[in-house]
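Peer 1: Predicted model, plus sequence, below.
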Amino acid sequence: MQLDRTDCDMIAALQKNGRLSNKELAARVGIAPSTCVVRLRRLVEGGALRGFHAEVDAHSLGVGLQAVVAVRLQQHSKEIVESFRAHALRQPEVVALYHMAGADDFLIHVAVRDPEHLREMAMTAFTTRKEVAHLQTSLIFEHVDSHRMPTYVDADDS
């Protein structure tokens, strides 16, 4: 999908505040509201915008601890990697999953109630899997997400 400067400006504005009304978004990027609706629909349908999300306070949901679990697999066939990925994403505690190159195959961000919940989740969700060779868990002291993706496309100014 080819993006122009207005598309990039719209994406940047929505990354800062996904609740902008169409009228507010149009004013911020300097286009008519009717044009904004059409462009926004094109960005969604074209896959440049994949969704709109609410930022949630973890503690208000009962999350008392977050961690990153590094997982090393025994073998690396496509089927094994995809099976483990699907299994991990089915776990309700999984916030994010990264398939990595390097010593570890996956980094999995989890959110749990407390240390006992973390231990139980790691033991039942990951160590019981025969394809898992090694786990290493690191506690997260602070999680800050910028909620933005930098723009590197050569946006056409037209």
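Peer 2: Structure's in. What do you need?
Peer 1: which residue sits closest to Leu65, ignoring its sequence neighbours?
Peer 2: Val112 (5.3 Å; C-beta to C-beta, 6 or more residues apart in numbering). Where you see a C-beta, it was placed from the backbone N, CA and C, and this is true even at glycine.
Peer 1: Could you do Thr151 as well?
Peer 2: Leaving out its chain neighbours, the residue that sits closest to Thr151 by C-beta to C-beta, 6+ apart is Cys8, at 4.9 Å.
Peer 1: Pull the number of nearby residues for Val112.
Peer 2: Using other C-beta atoms under 10 Å, Val112 has 20 other residues around it.
Peer 1: tell me what the helix or strand where His117 lies is packed against?
Peer 2: Element membership for His117, per DSSP states H and E: helix 115-122. Secondary-structure packing of helix 115-122 (3 or more C-beta pairs under 8 Å, 6 or more residues apart in numbering; DSSP states H and E): strand 65-73, strand 106-112, strand 132-140.
Peer 1: quick one: buried residues of it?
Peer 2: Residues His117, Leu118, Met121, Ala122 are the ones in helix 115-122 that count as buried (16 or more other C-beta atoms under 10 Å).
Peer 1: Can you tell me what sits against the helix or strand encompassing the residue nearest to Thr151?
Peer 2: Using DSSP H and E, Cys8 sits within helix 5-16. Applying C-beta atoms under 8 Å, 6 or more residues apart in numbering, the external contacts of helix 5-16 come out as 3, 20, 25, 28-31, 36, 39-40, 43, 48-49, 52, 147-149, 151, 153, 155-157.
Peer 1: How is this structure partitioned into domains?
Peer 2: Split into domains by automatic domain parsing, the chain comes to 5-45, 59-140.
Peer 1: Following the chain onward from the lowest-mean-pLDDT helix or strand in the chain, which element is next?
Peer 2: The helix or strand of the chain with the poorest confidence is helix 5-16; it has a mean of 94 (mean pLDDT, DSSP states H and E). Sequence order places helix 22-29 as the next helix or strand after helix 5-16, per DSSP H and E.
Peer 1: Good, wrapping up.
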